[in-house]
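prediction below, plus the sequence it came from.
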Amino acid sequence: MPNISVVIITLNEEQNILHCLESVKELASEIVVVDSMSTDTTAEICRSFGCRVISREFDGYGTQKQFAVDQATNDWILSLDADEVVTFELKEEIKELFSREVIEEGGFEICRSLVYLGRKLKHGGAGRDYHLRLFNRNAGGFTKVKVHEGIIITGKIRRLQGEALHYSYRDLSHHLEKINYYTSHAAEGYVQRGKRFSKTWVILKFPISFLQFYCCKAGFLDGYPGFIWSLLAALYSSLKIAKSIELREERR
């Protein structure tokens with residue numbers, strides 16, 4: 001039975017990290033945490049849990065996660081974010097999978113469900129989405145990009161049935177902080193790639209996106225959390241375009 005290394009990158013995750021660690025303690029032969037100089041008790045919590053904690057300046061999600069993978073001692077890697085929790089069903093599925101003598105696949109996609117304002121969202125484009133998270137590092141690794149990183153491997157990929165719960169936003173203020181961070185990076189990417197937008201499109205993008213998330217993708221079925229999610233998702237869509245216009249005008 002192959003051993004699994006769980007790798008996690010952290011920054012001030014004291015509110016989430018213990019739930020994440022507890023959810024994988026039966027799966028992992030080791031837990032590697034690469035901490036980006038947290039100023040709270042994240043690193044202390046991880047060390048007390050028995051994790052190997054490495055401090056490293058953050059230089060982008062892709063490079064930071066690949067660094068964590070490189071520190072692991074096992075070939076099989078389960079990469080998690082500090083705000084994710086492996087459900088009992090997923091844990092048992094992975095146990096059964098790794099009880100086999102031979103694992104033919106190079107990696108496995110895991111369904112991630114967002115828990116938002118106390119509710120697991122099922123609609124509005126925030127429902128079940130799949131990410132490659134469990135993989136053999138001999139088959140590949142993370143793309144070395146600052147945001148929206150992914151894992152690229154060679155070999156067969158299969159989807160697992162179990163899910164991980166994603167507690168991405170502590171509250172609305174935290175959600176807005178993340179929107180500000182990610183839209184800035186997205187805007188920089190647009191400018192670097194030479195993409196141009198009109199200011200009229202910024203105005204139109206918001207209502208169009210809101211209708212897509214709330215009506216077309218049935219965000220209304222998730223009640224109040226679905227409305228707030230659709231509203232802020234539409235804001236994200238419009239704001240990253242507005243910031244790219246602002247950046248381009250500043251650099252003229």
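That came through fine. Since this is a predicted model, take the numbers as computed values, not measurements. Numbers count the residues shown, from 1 in each chain.

quick one, what contacts the nearest residue to residue 122 once chain neighbours are set aside?
Once flanking residues are discounted, residue 122 sits nearest to residue 222: 6.3 Å by CB to CB, 6 or more residues apart in numbering. C-betas here are computed from N, CA, C, even on glycine. Going by CB atoms under 8 Å, 6 or more residues apart in numbering, residue 222 touches 119, 121-124, 126, 229.

of these, closest to residue 36?
Closest approach to residue 36 among the contacts of residue 222 (CB to CB): residue 126, at 26.0 Å.

neighbours of that closest one, just the number please.
23 (other CB atoms under 10 Å).

secondary structure element for the nearest residue to it once chain neighbours are set aside?
Closest residue to residue 126 apart from its sequence neighbours, by CB to CB, 6+ apart: residue 114 at 4.8 Å. Assigned by DSSP states H and E, residue 114 belongs to strand 107-116.

okay, and the beta partners of the residue positioned nearest the centre of the chain?
Central residue of the chain (CA atoms, centre = their mean): residue 81, 5.9 Å from the mean position. Residue 81 has these beta-bridge partners by DSSP bridges: residue 9.

and it, how far from residue 214?
26 Å (CB to CB, to the nearest Å).

could you do residue 67 as well?
Taking CB to CB as the measure, residue 67 and residue 214 are separated by 39 Å.

same deal with residue 31?
For residue 31 relative to residue 214 (CB to CB), the value is 39 Å.

same check, this time on residue 41
Residue 41 is 38 Å from residue 214, by CB to CB.

neighbour count for the two, which is higher?
residue 214 (23 against 14).

now the more buried one: how far from residue 202?
19 Å.

can you check residue 175 too?
If you go by CB to CB, the gap between residue 175 and residue 202 works out to 20 Å.

before we move on, the earlier item: quick one: residues contacting the residue nearest to the centre of the chain.
Applying CB under 8 Å, 6+ apart, the residues near residue 81 are 8-9, 20, 166.

cool, and residue 91?
With CB under 8 Å, 6+ apart, residue 91 has these contacts: 23-24, 26-27, 162.

Provide the secondary structure category for it.
helix (DSSP: H, G, I helix; E, B strand; the rest coil).
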